[in-house]
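Trainee: coords below, sequence missing:
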């Protein structure tokens, strides 16, 4: 029997999926679970998007252009223009979700064995795509005490070797919710210039910046136009994760020409998703205003509730819809499993993501969890009641 | 300015795309072009599929299961059962087109540097996915004189080294239209067992087998259940290339467990496409009967017309909707470009795919072209009139 590849063997499994069997068993026992573990929003997809798909009149469902439907790319360039990101349709390749944007960008920018520096905690699937591209992730640690602000540039520089070829960030951040300031991004720019690195930036949460804070894109940074690659997705923006539509964007012509060859090999991104995504660009402003208002209210409630609990600390994020909380527990993986296996409060429990899965450094995040505030406030209230009770009775509670 | 990866630099560009600028220029001159160059059928997508998408009533367009919607996988297992391929839903991962099935299978089965043997001519994008996975393609040549039958097993064995980890076939074949017999597949089975290799088989043209000839899948071969991986797509079956729905199928549990980690990293296949694909399983039999009848009539006309031309030879394929013809020309790349740049017949011309792009061995296919009979017979008739005239006046005509 032939053996699977070592890549296949060592490919990291999704940290959250490990808990799925325990969640399924809990459900079978009739337990109600509040899912704060994944970034699947409960917000409705804009009607204008769904209607465009429902009203299609296609006789032959053909391949689209490998870079995506031209009219969509044209309109999408205008969308970026509204954020002061000035690009043309030729700087855009439509991808199958943000996932494929990450995958193609990694294959395009990095050789096997190349190193990229990523502030941790980071989105766990970056590990998967790095593994697929044989790229080595070098984590630079950010800390809950600073709300996961950008680590000092000196910490990045300590990690730089002749193999370092890029830096990757997520802004606003999943899993931290941290929003980088212009100052922080200017520091990254200097670093990128000094060592001639690619700067990949996953900005899929751009619509979710709070408290009047400024969204600064790597595409706003002048003088590193050939270094920056923007990774994007409509999944969170329009609560349309199932459309599988994203984008890879760069002003570096060589990068886009090479990326285009990967895009051509897989023929085209999904047609229905593109039709929906093009229409979604007409989503009324009020949709985003309402969504943002809702997320701010959820965040304020959640952070407040968490910090009121004995021994819990949670910085207040300015973006996305995640936060990372430090809990008075021995081990986040054990705790999250215990919540599903052994705990209930009025027949209910809560599912959280152990933060260990978002750190690359072993032992980090051991007493931290990620919470996604993707449920309405009533559900969040009940979920927090569960968590508070759970922390009182959890056998692995610590005194911190 | 940071450099793109060597993978990005050396990634093969699609051979057909090179001609696209010439086709665009010809169109601008008002020339009508018959596109026999790509496998984009003109057949209508089944109504039952399109209606399912149009009638969706989704409020939140969520991620689906990473392996695909369960009800779809269940029904799909039944579909395979109707071809005597007995599998369960756990043996199936729904992919984003056949492209992703190839990609995940390569990453799962092969390490960087591993060698796979592929009979050439082969589907050009296998090169792209091999390049992405750092897998080395070793072509074994099949010949137009035999209609591109399976090369002798001794030719495969000559290529086997300690790095050989698999064999990949396409059956029925793109670009050849050749349908492997049970005898040929049994020979491959023995080879696979002897050297403990993976046998990857792209069978996306299963519905297009003609003249009462038997479709034999690698999944029918007994005793190599842990070696075989089926790569599939609904693109051609339902003329639904834009849905981007395929499947990777294997009874090897380790392969599927590793593949699942790649599937989880990219989250899920497109939801709309899956909804359509599930409904498409109810496509009435008459649809396929009509489509098959149409393709057979086109094939018969095309092969006949080609072989009647002076100096042209084209074997009659038993499957898919392609054929490869040998023409009395010096260079297929030049000829196909010349057809677009310098030729017209009553204001019309024809676009063909130079077969060179389907061979890995340099110099092979230099006087061969691939024709896809994806246009109706009137169009095919005009296209053949163009080709016949073109061959009379082409400056690089040879005497063969």
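Mentor: Ah, there it is. No experiment lies behind these values; they were computed from the predicted model shown. Numbering: from 1, shown residues only, chains lettered A, B, ... in the order given.
Trainee: now do the contacts for the spatially closest residue to residue A:261 that is not a sequence neighbour.
Mentor: Excluding its sequence neighbours, the residue lying closest to residue A:261 (C-beta to C-beta, 6 or more residues apart in numbering or on different chains) is residue B:11, at 4.1 Å. Every residue, glycine included, has its C-beta placed from N, CA and C. By C-beta atoms under 8 Å, 6 or more residues apart in numbering or on different chains, the contact list for residue B:11 reads A:258, A:261, A:262, A:265, B:128, B:131, B:132.
Trainee: so which helix or strand takes in the closest residue to the first one other than its chain neighbours?
Mentor: Counting by C-beta to C-beta, 6+ apart, residue B:8 is the residue found nearest to residue A:258 once chain neighbours are left out, at 3.2 Å. Per DSSP states H and E: residue B:8 is located in helix B:6-10.
Trainee: list the helices and strands that helix packs on?
Mentor: helix A:97-109, helix A:253-265, helix B:125-132 (3 or more C-beta pairs under 8 Å, 6 or more residues apart in numbering or on different chains; DSSP states H and E).
Trainee: and the nearest residue to residue A:262 once chain neighbours are set aside, how many neighbours?
Mentor: Spatial nearest neighbour of residue A:262, chain neighbours left out: residue A:104 (4.7 Å); criterion: C-beta to C-beta, 6+ apart. Using other C-beta atoms under 10 Å in any protein chain shown, residue A:104 has 30 other residues around it.
Trainee: kindly report the same for residue A:236.
Mentor: 22.
Trainee: and the one 5 residues further on, by the same measure?
Mentor: Using other C-beta under 10 Å, the number of residues around residue A:241 comes to 26.
Trainee: mind checking how far it is from residue A:307?
Mentor: 30 Å (C-beta to C-beta, to the nearest Å).
Trainee: can you check the pLDDT for residue A:17?
Mentor: Residue A:17 carries a pLDDT value of 80.
Trainee: so it sits against residue B:265, correct?
Mentor: No: with contact defined as C-beta atoms under 8 Å, residue A:17 does not count as touching residue B:265 (10.7 Å).
Trainee: the two: who's more crowded?
Mentor: For residue A:17 versus residue B:265, the count of surrounding residues by other C-beta under 10 Å is larger for residue B:265: 25 against 15.
Trainee: nearest spatial neighbour of that one, skipping sequence neighbours?
Mentor: residue A:128 (3.1 Å).
Trainee: and for residue A:254?
Mentor: Residue A:254 sits nearest to residue B:4 (C-beta to C-beta, 6+ apart), 5.2 Å away.
Trainee: need phi/psi at the one you found.
Mentor: phi -70, psi 160 (degrees, to the nearest 10).
Trainee: show me what contacts it?
Mentor: A:108, A:109, A:254, A:255, A:258.
Trainee: residue A:229 is in contact with the fourth one, correct?
Mentor: When you say that, I think you mean residue A:255. Yes: assessed by C-beta under 8 Å, residue A:255 is found in contact with residue A:229 at 6.5 Å.
Trainee: and residue A:400, what's its pLDDT?
Mentor: 60.
Trainee: typo on my end, it should be residue A:14
Mentor: pLDDT at residue A:14 comes out at 76.
Trainee: re the thing from before, save the helices and strands packed on helix B:6-10 as JSON lines, and put in distance to residue B:87 and mean pLDDT too.
Mentor: Output for the helices and strands packed on helix B:6-10, formatted as JSON lines (distance: least, C-beta to C-beta, whole Å; pLDDT from 0 to 100):
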{"stretch": "helix A:97-109", "distance to residue B:87": "26", "mean pLDDT": "97"}
{"stretch": "helix A:253-265", "distance to residue B:87": "27", "mean pLDDT": "96"}
{"stretch": "helix B:125-132", "distance to residue B:87": "23", "mean pLDDT": "92"}
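Trainee: check the ones you listed for me and report the most buried one.
Mentor: helix A:97-109 (a mean of 28; mean count of other C-beta atoms under 10 Å in any protein chain shown).
Trainee: downstream of it, the next helix or strand is which one?
Mentor: Following helix A:97-109 toward the C-terminus (DSSP H and E): strand A:115-120.
Trainee: just want the angle from that next one to helix A:125-132.
Mentor: 170 degrees (axes from the mean of the first three to the mean of the last three C-alpha atoms, to 10 degrees).
Trainee: give the pairing partners of strand A:115-120; include direction for each.
Mentor: strand A:136-141 (parallel), strand A:164-170 (parallel) (DSSP bridges).
Trainee: which outside residues touch that strand?
Mentor: Applying C-beta under 8 Å, 6+ apart, the set of residues contacting strand A:115-120 is A:110, A:126, A:130, A:135-142, A:148, A:150-151, A:156, A:159-161, A:163-169, A:200, A:358-361, A:364.
Trainee: swap in stretch A:246-259?
Mentor: By C-beta under 8 Å, 6+ apart, stretch A:246-259 touches A:68, A:76, A:80, A:87, A:90-101, A:104-105, A:108-109, A:204, A:219, A:225-235, B:1, B:3-5, B:8-9, B:11.
Trainee: distance of the spatially most central residue of chain A from residue B:27?
Mentor: Note on chain A: the residue nearest the mean C-alpha position is residue A:174, at 4.2 Å, using C-alpha atoms, centre = their mean. According to C-beta to C-beta, residue A:174 and residue B:27 sit 45 Å apart.
Trainee: got it, and residue A:141?
Mentor: 56 Å.
Trainee: kindly report the same for residue A:136.
Mentor: 47 Å.
Trainee: the strands in the stretch 151-300 of chain A, which residues?
Mentor: A:164-170, A:198-202, A:228-233, A:246-250 (DSSP state E, counting those that start in this stretch).
Trainee: mind putting those strands in JSON lines, mean neighbour count included?
Mentor: Output for the strands of the stretch 151-300 of chain A, formatted as JSON lines (neighbours: other C-beta atoms under 10 Å in any protein chain shown):
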{"stretch": "strand A:164-170", "mean neighbour count": "23"}
{"stretch": "strand A:198-202", "mean neighbour count": "25"}
{"stretch": "strand A:228-233", "mean neighbour count": "26"}
{"stretch": "strand A:246-250", "mean neighbour count": "27"}
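Trainee: compare those and give me the one nearest residue B:333.
Mentor: Nearest of the strands of the stretch 151-300 of chain A to residue B:333, taken as C-beta to C-beta: strand A:246-250 at 30.1 Å.
Trainee: taking strand A:228-233 as reference, get the angle to the closest one.
Mentor: Going by the same axes, to 10 degrees, strand A:246-250 makes 170 degrees with strand A:228-233.
Trainee: list the strands paired with strand A:246-250, with their directions.
Mentor: strand A:92-95 (antiparallel), strand A:228-233 (antiparallel).
Trainee: can you report phi and psi for the residue in the stretch 301-400 of chain A positioned nearest to chain B?
Mentor: Of all residues in the stretch 301-400 of chain A, residue A:374 sits closest to chain B, with a separation of 10.3 Å (C-beta to the nearest C-beta). Main-chain torsions, residue A:374, degrees, to the nearest 10: phi -100, psi 10.
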